[in-house]
Each structure stands twice: as C-alpha cells, then as structure tokens.
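Asker: Compute the structure for the input listed below.
(one chain, ligands or ions: 1)
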Amino acid sequence: MNIQTLLKRRFEAAVESFLSENAKDAALDKAAMIEMIRPSQEPKFGDYQANMAMPIGKRLGKPPREIAQQIVSRLQIGDVCEMLEIAGPGFINLRLKNDWILSRLQDAKRDSRLGVAKTDQPKTYLVDYSAPNVAKPMHVGHIRSTVIGNALANILRFYGHKAITDNHLGDWGTQFGMIIYGYRRFLDCEAYRQKPVEELARLYRLVRKLIDYHQCVADLSKYEEQAVALQEKNEELNKQLLAVNPSDTENNPANKDWLKKLKKEQTRLLAQIADLRETVQSVAAKIAAVHADSETLTQALRHLNIGRQVLEETSKLHRGDKENLALWNEFLPFCKEDINRIYKRLNVSFDHTLGESFYNDRLPELTSRLIRQGIARETDGAVGVFLDAALPPMLIQKKDGAFLYATTDLATIEYRVATFQPDSILYVVDFRQSLHFEQIFAVARMLGYDLEMTHVKFGTVLGEDGKPFKTRAGDTVGLESLLDEAERRAYEIVKNNDELKTGSGELSEEQRRETARKIGIGALIYADLSQNRESDYTFSYDKMLAMNGNTATYLQYAYARVQSIFARGGVEIESLRNNDVPLQITDAAERSLALDLLKFEEAVELTLRDYRPNILTAYLYELANRYASFFEQCPVLRADSELARNSRLILCDLVARTLKTGLELLGIETVEKM
Ligand code: ARG
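Answerer: You can find the predicted model right below:
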C-alpha cells in the first residue's frame, strides 16, 4: 500500500477539474502540483499535507485558502480521510481514518508481501556489481559495491522488476602479469600444492611490494626536484613582496590588488610545498621500510626491471602466449574460489560471472567497426573516440595494440543488450570511475544504444582518522579479516548478553556462534548501506555493532524482542495471523506505529527512485523506534482486554515481519534470540 500514491491519485482528479474550469490557459505544471503531497512534519498538521494551493493561488492571483477550498470541495476522499482541514495560508491537512488504516493492516497481515504491491511498470535491469580484480585479495573497498549491488538487486526483484546480476570480474589485468612473474621466480612449490590461493596471494603481494619500491625510488627524486622548483618560486615571490613599498600601495588601488594577488599566490604555493613535503615523507618512509628489511631489499635489487617485465608478461598473455595462457587458466579457478568464500559469507550470489576475459575475442571487431562508423579514429598509432567538448577523448586501443578497460566495457554493453535485452543497466562502482562511465555511456549512445545506463556511484571507506581505511602498516585492509573481526566482536556481545540471562544463558555454544555470525556480518553490511552512498563513510566496529542507534544490531534486537514476547506469552502467532482477529487503535503510539507499518511500500519505491538503500534503512530504523515507544506505552501481554492484547500482538508481528523482510532485502539475516 503506497498511501502517498493513493492520495495523489485522488487529488489528481480534483486538481484537474479545478484547473480546467479556472485556469485553462495558466501555464501550471499539473504533475508538479500533484507532487506537493507529503507526510506532515508534525502530527498536529495531520498525517499528510497537500500544498499546491499556494503556487496555484500565486499564479492566478487569488487567495490560496480559496483555492484550497475549491480543491477540497471537488475531492472524493471520504473513505480514506477524516474531514479535511485548511490551515494557515492554504495548506490542506489530511488525516487518515483509523478504520481505513486498520483495514489496510488487515490486508498486510494476510499478505506474505505485507501489502506491498508490485510495480505496474516492470522492467528488466542488469545489475553490474562487486567486480573485483581477482588474483589480488579482496579488500575493504570491495565491500561497498558488493553489498549495495546485492541489496538493489533484491529490492528490484521484490518490487516486481526483473534483475539480472552479472559480476564483471577483472580477470585479465596486470595483476596476472604479476603473479606469472612471481610464479616463475618466487614460487614456494610446497605451499602452492597445499594452499594455492594463499601462495598466489603471497606472490601478488611480494611482486607488488617490489614494484612499489622501485616506483617510490623513481618518484622520490622527481618529488624532490619538484620541491626545489617550488622553493625557488617561493623565494622569487618573497623578493617581489619585499620590493613593494607600503606607501605605494596605500593610495594606489592597483598596487593594492597586485599585492593581494601576490600574497594569495604565496599561500597557495606554501600549501603545495606542505603537501609535497608530506608526500616525500611518506614515500621516503616506504623506501626506508624496505631498506630495513634486508631480504626484501636484496630481492628488490635483484629485480630492477620488475615493473617492465611484469607488463611484458601481461602483454604476452594478452597476445595469446601459450605458456602464460596455461598459467592463467591454472590460476583462475583458485582466484574464483578465493572470492566465492567471501561471497558465501556475505550471502551474495550472481546470475552470471562474465569477467573481462570473456570479451577478448570481441575487441578487435568492435574497434574496427568503431573506426568504420567514424566514431573512433587513429592518432599516433593508437585508437580513440573523440567525444564532444565536455568529455576528454577515450582511448580504446593503445599503440602496442593492447585494448583497454573501456573497450571491454563497450563490448560488454553490446553483449548484454543482445543477450538479456535490459531496459536499464546499473553499474555499482566507485565514484572515481565517473569519467569512465560518462565516456562509455556517450560512446554507447553513438553506437545507437538508447537504454538507460546509470552509474550508481559510491564514496570511499575511511578509517576513524578520516583517511582511507588502512591497516597500521599502511596496507589496504583485507575483506576477510574484516569479516572475521566483525564476527569476533559480535560473539563477545552475544556471549555477554546471553550470560546476563537467568541460568547464565539460553544459547548453546553453537547457537552463540551462529548468532554472532549473523550479527557481525549484518552489522558490516548495514553500516555500509545506511550511509548516503555518495559520501565517504567512516568505518567503526563499535558504532556498527551498537545495540542502540541506526544499526543492524538494533533492528535484529527489536526483531528478537518481538519473538521473545511471543515465547513468554505462549502466543501462537501463526494461528492469530490466520484468524480474523479484529484490530484496534486506542493509543497515539499505536496509531503512529500502524501508520508507519503502512509506509513500507513507499520506502521501497523511494529507495529505487535513485538507487539509495539508505532510504530503506532509515525507514526500518524509524519503524523500530516507533515500536520501542509503542512498547513502552502500550502493554501487550498484559493489555486490559483480549481484544487489545490480540490486536497489539498482531502489530508486534507486523513489525517483526517488516523488519525481517526489510533486512532480508538488504542481505541481512535476523535471529530469533540474542
Ligand atoms: N574491476 C573494476 C575495478 O575493480 C570494476 C568493474 C566495474 N564494472 C564495469 N563494468 N566496469 O575497478
């Protein structure tokens, strides 16, 4: 049940009839007028408010109260709302009838979808998410795409759309050159035989470290040169500033402006110098760390050309070199095993996993077609698409013949359109790839693809120091260790909580572990989804596992509390649900809870409007809060009458079912006891 939509429909007819009689020629956007129906901020203004009388009045030069009156007199809404009230300059306050609310709740109670209708415009979505570059261990950055994409796919399906999910694995990049290089020179055969995934990860990290070291050494001298140049510039500025005679500037505005400009320039320069110093320090620290570790240093000095050679291994692989291809084929299943372990823990799966390598064979044909159609052209031996002035050109083939990430993405669009015929493709990818997506969308349009393509972008995961989340040693945080730690902390909470119960607990050790798993992973997923996806978000185990506040733990706890009421009262909720138990509203807290329960569909729809799971989390959080105040004010098991007791039990049940459904859509499990 989407109350807002229902109210809008009713208003549509009234506003239309009013406008056609009174304002045929006034350029009024009727749809925008209808949109002006919103939930009220304060209960004294009713449940919803319709505010279109003000803009209409302004346009027609008539008092808005009069307009409001006219609209109200044309409205057919008596079955849904109490007597309408016109307030202030011309607000129409709408208060829903309790009987109407109750009968909608009866519908929800009987319905496995809790009264949420499916969309009347079902579409086919292709959701591209997770897509890690395999052969490197998954890190904290990958969690965002994975959980946001999974939640969106679930919600789309729940709302009646078709969602096809595809994991566009980075399975063809430079990282394979690194592993191949490492495999040939540093392999520990025994370790590889026993734990191939870990040995490959070790090789990746080692080669990465050596490349980084050489890169740092090269960068350091470059940065030092830059610092010297900036210093010189600063001294030059100082000279100019000293040369200015204060009495010259006093009365001469031109000189004054000039001085101001110099000072501004100096401020900017000094900031640049400070930044550069910081960079130099961190680069120097990385170099020093290698110098302090004689084993790594020896390796680094033995592999002076590692960067270039790794590129060569990659390019051999791409050219179809037999040996490298065989190694790639050998490694890939191990890499997939590694990420699947994490997907399993996050309870995420995909309809398709068509990695970048899947598109290799299509790239030469695509490129020549783009050239033939005049969309791409050759310059300097490379091939690029020159877009309009707003976007820089997009390279699709390098001088050495190699194709790029963008080329693959274009081939992917073609394949997806031909195979799945989606109406819309969602790319759940880091905001830093914004330009990439703008470019490939533009080129796809040039190729004649007119489907909807959306970059569902998200920000960076930050540590509590406000910088990108890193380990103490400055490495990216592995996703697996993150999951382990969340579960470990959740276990402490579950154990402590359980020990406080009479008889020192009701959960077996196994149940505690299972509960901790659901709470730990749930906390991690929810912490991410409850943020505005476009902002950076600060990672904190303590915050995400708090029993109070906007966390999964709080919602899971609210759910478990309802179940414990049923257990304590010996309530057979199933049979209550299936019988025609009358419902009633006798208390304000009961009423706001009931109304909130009916807003689930609105939350689902709004979440999908701009692909923002945080709208759903905010709704669930509000519902749990309303439930908490209801529970404080309205006795359930000890209600005055059988009627009140049953009615409130059903409300509790609807809360629990809504929380469970909502959390499941987000990819989070509930627990019966905690
Ligand atoms: N593998 C890429 C990365 O890790 C993300 C891929 C996103 N999907 C896409 N179709 N480009 O940055």
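Asker: Can you name the residue of the stretch 151-300 of the chain nearest the ligand?
Answerer: Gly170 (3.5 Å; C-beta to the nearest ligand atom). Where C-beta positions appear, they are placed from N, C-alpha and C, glycine not excepted.
Asker: Tell me if I'm right that that residue and Ser130 touch.
Answerer: No: proximity of Gly170 to Ser130 does not meet the contact threshold set by C-beta atoms under 8 Å, at 10.5 Å.
Asker: These two: which is more packed in?
Answerer: Ser130 (29 against 19; other C-beta atoms under 10 Å).
Asker: Checking the more buried one next. Helix, strand or coil?
Answerer: Judged by DSSP: H, G, I helix; E, B strand; the rest coil, the three-state class of Ser130 is coil.
Asker: so where does the residue nearest to it when sequence neighbours are not counted fall, helix or strand?
Answerer: Using C-beta to C-beta, 6 or more residues apart in numbering and skipping residues adjacent in sequence, the residue nearest Ser130 is Thr146, 4.3 Å away. Per DSSP states H and E, Thr146 falls inside helix 141-158.
Asker: ok, now Gln231?
Answerer: If you go by DSSP H and E, Gln231 is part of helix 196-243.
Asker: how about the helix holding Thr146: buried residues?
Answerer: Across helix 141-158, burial judged by 16 or more other C-beta atoms under 10 Å covers 141-156, 158.
Asker: same check, this time on stretch 184-201
Answerer: Tyr192, Pro196, Val197, Glu199, Leu200, Ala201.
Asker: which residues touch whichever residue of the stretch 351-500 of the chain sits closest to the ligand?
Answerer: Among the residues of the stretch 351-500 of the chain, Val429 lies closest to the ligand, at 4.5 Å counting by C-beta to the nearest ligand atom. Val429 makes contact with Asp128, Tyr129, Ala131, Ser145, Phe437, His455, Val456, Lys457, Phe458, according to C-beta atoms under 8 Å, 6 or more residues apart in numbering.
Asker: if we go to 10 Å?
Answerer: 128-131, 144-145, 148-149, 168, 436-437, 455-458 (C-beta atoms under 10 Å, 6 or more residues apart in numbering).
Asker: So, low pLDDT: which residues of the stretch 401-550 of the chain?
Answerer: Residue ranges of the stretch 401-550 of the chain with pLDDT under 70: 473-474.
Asker: Would you mind listing what in it touches the ligand?
Answerer: Counting by C-beta under 6 Å from any ligand atom, the residues of the stretch 401-550 of the chain close to the ligand are Asp409, Thr412, Tyr427, Val429.
Asker: And these, which is closest to Arg104?
Answerer: Nearest to Arg104 among these is Tyr427, at 37.2 Å by C-beta to C-beta.
Asker: tally of neighbours for the closest one?
Answerer: Neighbours of Tyr427 under the rule other C-beta under 10 Å: 23.
Asker: now do Ala31
Answerer: Ala31, neighbours per other C-beta under 10 Å, totals 8.
Asker: What pLDDT is listed against it?
Answerer: pLDDT for Ala31: 87.
Asker: does it count as helix, strand or coil?
Answerer: Assignment for Ala31 (three-state DSSP): helix.
Asker: ok, it - contacts?
Answerer: Lys8, Glu12.
Asker: picking that back up, from what I see, the residue nearest to Ser130 and Tyr129 are in contact.
Answerer: Yes: the pair Thr146 and Tyr129 passes the contact test of C-beta atoms under 10 Å, sitting 6.5 Å apart.
Asker: wait, doesn't Leu479 sit right on His142?
Answerer: Yes: using C-beta under 10 Å, Leu479 is in contact with His142, at 5.8 Å.
Asker: what touches both of these two?
Answerer: Taking C-beta under 10 Å, 6+ apart as the contact definition, Leu479 and His142 share the neighbouring residues Pro132, Ile339, Ile342.
Asker: out of those, which one sits closest to the ligand?
Answerer: Pro132 (5.7 Å).
Asker: Count the residues that sit near the spatially closest residue to Phe469 that is not a sequence neighbour.
Answerer: With sequence-adjacent residues excluded and distances taken as C-beta to C-beta, 6+ apart, Phe469 is closest to Gly463, at 4.2 Å. Using other C-beta under 10 Å, Gly463 has 15 other residues around it.
Asker: for Gly463, what are its contacts?
Answerer: So Gly463 contacts Val140, Phe469, Lys470, Thr471, Val477, Thr538, Phe539, Ser540 (C-beta under 10 Å, 6+ apart).
Asker: quick one, phi psi at the fifth one?
Answerer: To tie it back to what came earlier, the one meant is Val477. Dihedral angles of Val477 (phi, psi; degrees, to the nearest 10) stand at phi -90, psi 120.
Asker: Next: the second one.
Answerer: Phe469 has phi and psi values of phi -60, psi 120 when expressed as degrees, to the nearest 10.
Asker: what about it, neighbour count?
Answerer: Neighbour tally, Phe469, other C-beta under 10 Å: 20.
Asker: Going forward, the N-terminal residue is numbered 756.
Answerer: Taking 756 as the first residue, the last one we looked at is Phe1224.
Asker: on that earlier part again, elements contacting the helix holding Gln986?
Answerer: Applying 3 or more C-beta pairs under 10 Å, 6 or more residues apart in numbering; DSSP states H and E, we find helix 951-998 packed against helix 929-941, helix 944-949, helix 1008-1046, helix 1049-1057, helix 1061-1073, helix 1077-1101.
Asker: Get me the contact residues on this protein for the ligand.
Answerer: Asp883, Ala886, Pro887, Asn888, His923, Gly925, Asp1164, Thr1167, Tyr1182, Val1184.
Asker: now with 8 Å?
Answerer: 883-884, 886-888, 897, 900, 923-925, 928, 1111, 1160, 1163-1164, 1167, 1182-1185, 1188, 1191-1192 (C-beta under 8 Å from any ligand atom).
Asker: ranges for the helices of the stretch 1306-1429 of the chain?
Answerer: Taking DSSP state H, counting those that start in this stretch as the test, the helices found in the stretch 1306-1429 of the chain are 1307-1323, 1328-1333, 1343-1352, 1355-1364, 1368-1388, 1397-1421.
Asker: So what touches the helix or strand bottoming out on mean pLDDT in the chain?
Answerer: Sorted by mean pLDDT, DSSP states H and E, the helices and strands of the chain end with helix 1001-1006, the least confident at a mean of 71. For helix 1001-1006, contacts defined as C-beta under 10 Å, 6+ apart pick out Ala1009, Asn1010, Lys1011, Asp1012, Trp1013, Leu1014, Lys1015.
Asker: What distance do you get for the third one to Leu1017?
Answerer: In this structure, Lys1011 lies at 11 Å from Leu1017, with C-beta to C-beta, to the nearest Å as the measure.
Asker: and stretch 1375-1392, which residues are buried?
Answerer: Leu1375, Tyr1376, Leu1378, Ala1379, Arg1381, Tyr1382, Ala1383, Phe1385, Phe1386, Cys1389, Val1391.
Asker: Need the nearest residue in space to the second one, chain neighbours excluded.
Answerer: Read that as Tyr1376. Asn1305 (4.6 Å).
Asker: In a helix, that neighbour, correct?
Answerer: No: counting by three-state DSSP, one finds Asn1305 to be coil, located in no helix.
Asker: follow-up on the earlier one: quick one: which of the buried residues of stretch 1375-1392 is nearest Ile758?
Answerer: Out of the buried residues of stretch 1375-1392, the member with the shortest distance to Ile758 (by C-beta to C-beta) is Leu1378, at 14.7 Å.
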